[in-house]
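Q: Sequence plus the predicted model coming up.
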Amino acid sequence: MKPNANLPATDADFARLDDYHRQVRPHLDRLAALASRVENAPLADPDCAEACAIEAFFSGSMREHHLVEETSVFPTLLASSDPELVTLVRTLMQDHGWIEQGWIEIAPQLRAVAQGHHWIDPAEFSHGAEVFLELSYGHAALEDTVIHPQALARLEAVPARQAAGAAS
């Protein structure tokens, strides 16, 4: 389901965003472990299955997750009078592009591993995974600790303002 452009995030949106963030860290950890195995040992059948699961998770949900944030969460925060918050949101929007670029580079290699092919360059894959991991871990941490709490506070303030307006 695609969100409508620039509509404020709903409780359901935040539940989906939070669910993704709970799932993303274990998948990032799995990618880190797989990248280490790719570089240090011959791949076995469990590694192929692991590559398939990791690739399916990120290819299946990452873009929609970013789209929900960019259309439903970020616009409200960009309208903030807090210049540090606005700068952080713009940085996170830029991160989405860098994360996507990193994914474009490593996804075909993950698919190759998943299919049992050995044509990938282990050092190149490990480097690409490292860049993707570093950016993704930091990005998710900022969203969890700053962005989502700020956006939730604004969402919760709207009904309170509407109720106050109706009472006057």
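A: That came through fine.
Q: which helix is the longest one in this protein?
A: helix 83-114 (DSSP state H).
Q: Can you mark which positions in that one are buried?
A: 88-89, 92, 95-96, 99, 102-103, 105-107, 109-114 (16 or more other C-beta atoms under 10 Å). Quick note: C-beta positions are derived from backbone N, CA and C, even for glycine.
Q: in the protein, which spans are helices?
A: Going by DSSP H, the chain shows helices at 11-40, 45-68, 74-78, 83-114, 122-142, 148-167.
Q: Of the ones you listed, which shows the lowest average pLDDT?
A: Of all those, mean pLDDT reaches its minimum on helix 148-167 (a mean of 65).
Q: any idea how far the residue nearest in space to the middle of the chain lies from residue 21?
A: The residue lying closest to the centre of the chain (C-alpha atoms, centre = their mean) is residue 62, at 5.5 Å. From residue 62 across to residue 21, the span is 12 Å (C-beta to C-beta, to the nearest Å).
Q: again with residue 102
A: For residue 102, the distance to residue 21 - C-beta to C-beta - is 18 Å.
Q: Ok, residue 38 next?
A: 26 Å.
Q: Looking at those two, which is more packed in?
A: Here residue 38 and residue 21 are set side by side on neighbour count (other C-beta atoms under 10 Å), and the busier one is residue 38, at 23 against 15.
Q: Please name the spatially closest residue to the more buried one (chain neighbours excluded).
A: residue 122 (5.0 Å; C-beta to C-beta, 6 or more residues apart in numbering).
Q: Compute the inter-axis angle for the longest helix of the chain and helix 11-40.
A: Interaxial angle of helix 83-114 relative to helix 11-40 (axes from the mean of the first three to the mean of the last three C-alpha atoms, to 10 degrees): 50 degrees.
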